[in-house]
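Visitor: how would this look folded up:
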Amino acid sequence: MQIIAIGMALWEEYGDGLPVIDMKRIGKTVVIAGKNGSGKTRLLSRIYGFATLHKEMAVEVLKLQLPTLTAHTVQYSHDNQNRQIFVDRVHSFRKAIYLRETITCEPIQLDSLPHIIYFVPKALSLTDSQQLTHIDCLKKAELIKTTGIDALSQGTLSYIEVLQHRHREATHQEVLYTPEQKQSAVKDYESLNALIYRFLGTTLTRSIDGNALLFGRPLGACGLSHGQTIILQFCAAIHAQGASLENLIVLMDEPENHLHPSAMIDAIDAISKELTKGQLWIATHSIPLLSHFDASCIWWMESGKVAYAGSVPQTVLKGLLGSEDRLQQLSDFLNLPSELASNQFAYQCLFSPTVVTTGSDDKQLLQITDVVKKLHGTRNVRILDFGAGKGRLPSAIYEKFDSKSLDKWLDYVAFDVNCNNQADCENAICRIYGSADGRYFSEPSKLRAKFNNGSFDVVIMCNVLHEIQPAEWLLLFSLGNTIMTLLKEDGFLLLVEDNQMPIGEKPHQKGFLVLDTEQIKILFSITESDKAFTEHASTKNGRLKAHEIPKSCLARITDLTRRNAIKSVCQTAKEQILKLRDQEGSYQNGRLHGFWVQQFANAHLFLDESGAS
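Guide: Below you'll find the model as predicted:
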């Protein structure tokens, strides 16, 4: 059952200072926002008070056997005055609150009346029923049958314990229950269990000692989250107070005063989901809670007056925060993770790259060792680690392969023009060979002098190409240069890159450029007929990629293919930037935004310099 409109002209007798209230187009969820003292609590109290009075009056009418609630058909007797009062009050409720499901005036049915529950749990610590005496347990269980929520934290677990005990007794052959008592005990327990299953996805069980269990553990030690603790109290409250989810209207007054925002939202979501025909009213000044609801649910209350604010959430925010400056501060704060990540990435891009050390389970290293394993299956393998850094690759190879036979089939050679990490790299090489002599080079000429032309099976560049200026790419892959000279005719370049760099860097004056599959194929004029070209992606989003590029393709690079590849970087970066600006401002999206902005800018810097923009 749902309230669809409120007209409170007849409610002045409450004397709570609220003027006439007029609310129309009320939906399943009603969120009333306003400052402290605006009238939110008084509004909920009126709804609750009149609904309770309506039910009480209906009960009195039934007791007096009044045949109808229509004033014209009242039977005059010595109780006529009382009857008329009851009739007038019930009609005043129906003139003040309009329900989606009309309640007929004659005859009145108690089951058809709205059941309103005021639910704001104030405690996240529940009294453990299994630490109480049987008498105390019964007393606390009885407390939550009264309307309200003050006793929920004390009585919820006791209520569950008592109902399970009665169910156990009712199903025992020798118990001295009447048939009606047995039926009631079984029905009560089963309906409570059904509620708990509906909201928490589990059922009550019983220990060998006769104690109630939840999630297979004693009630007082079942490890409930804050959200689950709230939901369990809610289940106990609506069950103990005889409510039905079909006709339930739940009122929550400033739940943020007692609950952590995430626990509060989890609980509200669970309750709202189950109120398929019911209704949820929330009075709040919590911005996190307001932001969780659709704007069409929100009403603004100020100085006792309530107005629909769903179409203008700015009204609510300004009313709660007080000024445009504070609105901007809130916006800045909410955008902080995204902006922080984006700004941090941009800041990092002012500094030279750092050399990282990772474990053997690094996904990029696993990509490389998989390729090495595939090559080893057919022959001995000679590898040139171009840009070896601290020796991540030889360390990973040592851990992934049988170290006793590794030096028999693997011929590993490291090359890096930066000698700062030579000692670390040579130490990693020594683990395989016992010595690094003749396996570490920093000058291309000495490397070429040491090894025969066309003697390497694979040249590996892991997170290296993006650090090399595009102006040097043609020379890097030209005939007669180191890579082309040393590679076998059927050899290949293994190009490994993180296509969404997590940390910014400035390897040279124009920054970095990371090429994805599309740009690599453009750069080396690779087509579908180049079957030896292979792409490996280690993650579903394609962030970490390894490309096997045959030597025959490397020679196809030209000034035109380079410009076209970088133009493709520009276009992709632009698309990604626009896409991210339509998404939520998370830290992850902020970092990606920083990455793509750098890609876009760096690509344009090169194109402008080369006159190709």
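Visitor: which residues does the helix or strand hosting residue 269 contact?
Guide: Under the assignment given by DSSP states H and E, the secondary-structure element containing residue 269 is helix 261-274. Residues outside helix 261-274 that contact it (Cβ atoms under 8 Å, 6 or more residues apart in numbering) are 28-29, 119, 124, 198-199, 225-227, 230-231, 234, 245, 250, 252, 255-256, 259, 280, 282, 286, 288-289, 292. No exception for glycine: its C-beta is placed from N, CA and C like everyone else's.
Visitor: from those residues, which land in strands?
Guide: Among the contacts of helix 261-274, the ones falling in strands (DSSP state E) are 29, 250, 252, 280, 282.
Visitor: my guess is the second one meets residue 117, correct?
Guide: Yes. Between residue 250 and residue 117 a contact is recorded at 5.6 Å, counting by Cβ atoms under 8 Å.
Visitor: between those two, who's got more neighbours?
Guide: Set residue 250 next to residue 117 and count neighbours by other Cβ atoms under 10 Å: residue 250 wins out with 24 against 20.
Visitor: just the pLDDT for that one.
Guide: We have a pLDDT of 85 for residue 250.
Visitor: what are the bridge partners for it, then?
Guide: Using DSSP bridges, the bridge partners assigned to residue 250 are residue 117, residue 280.
Visitor: mind starting the numbering at 453 from now?
Guide: In the new count, where the first residue is 453, that last one comes out as residue 702.
Visitor: what's the separation between it and residue 851?
Guide: From residue 702 over to residue 851 the distance is 58 Å, taken as Cβ to Cβ, to the nearest Å.
Visitor: what's the answer for residue 717, then?
Guide: As judged by Cβ to Cβ, residue 717 and residue 851 stand 45 Å apart.
Visitor: neighbour-wise, which of the two wins?
Guide: Legend: neighbour count by other Cβ under 10 Å for residue 717 and residue 851, higher for residue 717 (20 against 14).
Visitor: contacting residues around the residue lying closest to residue 1040 once chain neighbours are set aside?
Guide: Distances taken as Cβ to Cβ, 6 or more residues apart in numbering put residue 793 closest to residue 1040, at 7.4 Å, once the chain neighbours are dropped. With contacts defined as Cβ under 8 Å, 6+ apart, residue 793 is in contact with 1039, 1040, 1041, 1042, 1043, 1045, 1046.
Visitor: please repeat the previous calculation with a cut-off of 10 Å.
Guide: Neighbour list for residue 793: 954, 1037, 1038, 1039, 1040, 1041, 1042, 1043, 1044, 1045, 1046, 1047 [criterion: Cβ atoms under 10 Å, 6 or more residues apart in numbering].
Visitor: just flag the most distant two among those residues.
Guide: Every pair in the contacts of residue 793 was compared (Cβ to Cβ); the two farthest apart turn out to be 954 and 1037, at 18.0 Å.
Visitor: neighbour count winner among the two?
Guide: Comparing residue 954 with residue 1037 by other Cβ under 10 Å, the one with more neighbours is residue 1037, at 18 against 13.
Visitor: that one falls within a helix, correct?
Guide: No. Checked against DSSP: H, G, I helix; E, B strand; the rest coil, residue 1037 lies outside a helix; its state is coil.
Visitor: next one, pLDDT for it please.
Guide: With respect to pLDDT, residue 1037 has a value of 77.
Visitor: nearest residue to it in space, please, no chain neighbours.
Guide: If you skip the residues right next to it in sequence, residue 1037 has residue 790 as its closest partner in space, 3.5 Å away by Cβ to Cβ, 6+ apart.
Visitor: state the distance from that neighbour to residue 800.
Guide: According to Cβ to Cβ, residue 790 and residue 800 sit 16 Å apart.
Visitor: these two: which is more packed in?
Guide: Ranked by neighbour count (other Cβ under 10 Å), residue 790 and residue 800 place residue 790 first, with 22 against 18.
Visitor: pretty sure that one is touching residue 797, no?
Guide: No. Counting by Cβ atoms under 10 Å, no contact exists between residue 790 and residue 797, whose distance comes to 11.0 Å.
Visitor: now for those two: what residues contact both?
Guide: With contacts defined as Cβ under 10 Å, 6+ apart, the residues adjacent to both residue 790 and residue 797 are 1042, 1043, 1044, 1045, 1046.
Visitor: okay if I get these as JSON lines plus pLDDT?
Guide: As requested, the shared contacts of residue 790 and residue 797 are arranged in JSON lines below (pLDDT from 0 to 100):
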{"residue": "1042", "pLDDT": "89"}
{"residue": "1043", "pLDDT": "89"}
{"residue": "1044", "pLDDT": "92"}
{"residue": "1045", "pLDDT": "93"}
{"residue": "1046", "pLDDT": "93"}
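Visitor: most surrounded residue in those residues?
Guide: For these, neighbours were counted using other Cβ under 10 Å, and residue 1046 has the most, 25 neighbours in all.
Visitor: hang on, isn't that one packed against residue 800?
Guide: Yes. The pair residue 1046 / residue 800 is scored as a contact, 8.4 Å apart, by Cβ under 10 Å.
Visitor: mutual contacts of the two, please.
Guide: Contact criterion Cβ under 10 Å, 6+ apart; residues shared by residue 1046 and residue 800: 953, 956.
Visitor: model confidence score at residue 769, please.
Guide: Confidence per residue is given as pLDDT, and for residue 769 that number is 69.
Visitor: in the longest strand out of those in the chain, what counts as buried?
Guide: If you go by DSSP E, the chain has its longest strand at strand 939-950. Of the residues in strand 939-950, those buried under the neighbour-count criterion (16 or more other Cβ atoms under 10 Å) are 939, 943, 944, 945, 946, 947, 948, 949, 950.
Visitor: now do the buried residues in the next helix or strand after it.
Guide: Along the chain past strand 939-950, the next helix or strand (assigned with DSSP H and E) turns out to be helix 969-975. For helix 969-975, the neighbour count (16+ other Cβ under 10 Å) marks 971, 972, 973, 974, 975 as buried.
Visitor: could you spell out the sheet neighbours of the following helix or strand past helix 969-975, each with its direction?
Guide: Beyond helix 969-975 in the direction of the C-terminus, DSSP H and E gives the next helix or strand as strand 986-989. Its sheet considered, strand 986-989 pairs with strand 996-1002 (antiparallel) by DSSP bridges.
Visitor: next, the angle from the partner strand to strand 939-950.
Guide: For strand 996-1002 against strand 939-950, the angle by axes from the mean of the first three to the mean of the last three Cα atoms, to 10 degrees is 160 degrees.
Visitor: tell me the mean pLDDT for strand 996-1002?
Guide: 94.
Visitor: roughly how far is that strand from the heart of the chain?
Guide: The chain centroid and the centroid of strand 996-1002 are separated by 34 Å under Cα atoms, centre = their mean, to the nearest Å.
Visitor: okay, buried residues for the helix or strand that it is followed by please.
Guide: Towards the C-terminus, the helix or strand next in line after strand 996-1002, according to DSSP H and E, is helix 1003-1006. For helix 1003-1006, the buried set under the neighbour-count rule, 16+ other Cβ under 10 Å, comprises 1003, 1005, 1006.
Visitor: the second one reaches residue 974, doesn't it?
Guide: Spelled out, that is residue 1005. No. Counting by Cβ under 10 Å, residue 1005 sits too far from residue 974 to count as a contact (11.7 Å).
Visitor: ok, residue 827 - contacts?
Guide: Residue 827 is in contact with 833, 834, 835, 861, 862, 909, 910, 943, 944, 946, counting by Cβ under 10 Å, 6+ apart.
Visitor: now the buried members of those residues.
Guide: The neighbour-count test (16+ other Cβ under 10 Å) applied to the contacts of residue 827 identifies 833, 834, 835, 862, 909, 910, 943, 944, 946 as buried.
Visitor: show me which of those residues is closest to residue 584.
Guide: For the buried ones among the contacts of residue 827, the residue nearest residue 584 by Cβ to Cβ is residue 946; the value is 69.2 Å.
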